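Engineer: Let's see this in three dimensions:
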Amino acid sequence: MQVNDTVKLLRECDAGSKMAVSSIDDIIDKISSERLRERVSYNKQQHSKIGNEIHSILSAYDIEDKEPTPIAKGMSWLKTNVKLGVDNSDSTVADLLTDGCNMGVKSLSRYLNQYKAADTNSKQICRNLIDLEQSLADDVREFL
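Structural biologist: Residues are numbered from 1 along each chain as shown. Presented below is the predicted three-dimensional model:
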């Protein structure tokens, strides 16, 4: 059970980190504030770093990565482009980032509770992702 929950939790964290990187890639070129761009870029690097760690662990279990669902990616892309098409401002970017981070915190927290038998390291990776999401939401608040 522990290995099963560990793998499931890590796969969900993997999909979440990939979704975050993809979403950031969709908006980073739209940011005009250098300070905001630096914060978002740093967050993207941290998501990639955690994603690489997850990939290494999954590879050790001989388990494939998990990609975000095409529907989730498509909805995120659509929402981003519609909102930025109407108002291409740092405030809109911050709003989109806040929504995405809140969804990430909610989903990852649900998986952390769902896969209680996951090993300690995997739970800590999930908590690190949750903290990273919350930190970005806090960082962009001044741009709302």
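
Engineer: Can you get me a residue count around Asn121?
Structural biologist: Residues near Asn121, counting by other Cβ atoms under 10 Å, number 12. Using the backbone N, CA and C atoms, a C-beta is placed for each residue, glycine as well.

Engineer: Spell out which helix or strand contains it, please.
Structural biologist: Per DSSP states H and E, Asn121 falls inside helix 120-140.

Engineer: neighbouring contacts of that helix?
Structural biologist: 6, 9-10, 13, 16-17, 20, 36, 39-40, 43, 46-47, 50, 53-54, 57, 93-94, 97-98, 101-102, 104-105, 108-109, 111-112, 118 (Cβ atoms under 8 Å, 6 or more residues apart in numbering).

Engineer: PyMOL command for the buried members of those?
Structural biologist: Buried residues among the contacts of helix 120-140 (16 or more other Cβ atoms under 10 Å), as a PyMOL selection:
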select buried, resi 6+9+10+13+16+17+20+36+39+40+43+46+47+50+53+54+57+93+94+97+98+101+104+105+108+111+112+118
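
Engineer: and Ile63, helix, strand or coil?
Structural biologist: What DSSP: H, G, I helix; E, B strand; the rest coil gives for Ile63 is coil.

Engineer: what's the distance between it and Gln45?
Structural biologist: Taking Cβ to Cβ, to the nearest Å as the measure, Ile63 falls 25 Å from Gln45.

Engineer: Then Cys101?
Structural biologist: From Cys101 to Gln45 the distance is 16 Å (Cβ to Cβ).

Engineer: Equivalent analysis for Lys83, please.
Structural biologist: Counting by Cβ to Cβ, the gap from Lys83 to Gln45 is 25 Å.
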